[in-house]
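Asks: structure here, sequence nowhere to be found:
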């Protein structure tokens, strides 16, 4: 089990089924609020009252309201949002970054878009994580039936802390 101090300045990838990864990331975001402000990039629309009430412990439900949330709907929106995060982290005390599923926006992307956007997004996340000493958690909710082999290869090359859940 990793401690808060062990993950500062690092990117952690949690790989598994959506029903396992999403609740874990939500609970992590809520718990990290005790030490820092949290930005949750919700690419799979899991940070909803219904999902939280089903998957989070009762005392945590009220704390979800304090999390900063962004919901990019495409690769282009995700890239644009990530590209502007430096300014947000500079102006705020956000020190935890959570992305519910890095791969979902790429499911409908062309091979060219995957090559053009995924590596730069991961590089920018790594840069911001180190620059601001963030605790960064990224979900990879790949369904084995989805054609996401190239996404997983890039993730394996770019992220050193990968855990299956």
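Replies: Nice, I can see it. In this text the structure is predicted, and so the values were computed from the model without any measurement. Numbers count the residues shown, from 1 in each chain.

Asks: please, where are all the helices along the chain?
Replies: In the chain, the helices defined using DSSP state H lie at 4-7, 18-32, 49-55, 75-83, 85-91, 111-131, 149-158.

Asks: tilt between the fourth one and helix 111-131?
Replies: Think helix 75-83. 20 degrees (axes from the mean of the first three to the mean of the last three CA atoms, to 10 degrees).

Asks: kindly report the same for the last one.
Replies: Angular relation of helix 149-158 and helix 111-131 on a 0 to 180 degree scale: 20 degrees, by the same axes, to 10 degrees.

Asks: re the thing from before, mind putting the helices of the chain into CSV with mean pLDDT?
Replies: Shown next, in CSV, are the helices of the chain (pLDDT from 0 to 100):
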stretch, mean pLDDT
helix 4-7, 79
helix 18-32, 88
helix 49-55, 77
helix 75-83, 94
helix 85-91, 92
helix 111-131, 92
helix 149-158, 82
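
Asks: just say which of those is most tucked in.
Replies: When the helices of the chain are scored by mean count of other CB atoms under 10 Å, the highest mean neighbour count falls to helix 18-32 (a mean of 20). No exception for glycine: its C-beta is placed from N, CA and C like everyone else's.

Asks: which helices and strands does that helix pack with?
Replies: In this structure, helix 18-32 makes packing contacts with strand 10-15, strand 37-41, helix 49-55, strand 94-99, strand 135-140, judged by 3 or more CB pairs under 8 Å, 6 or more residues apart in numbering; DSSP states H and E.
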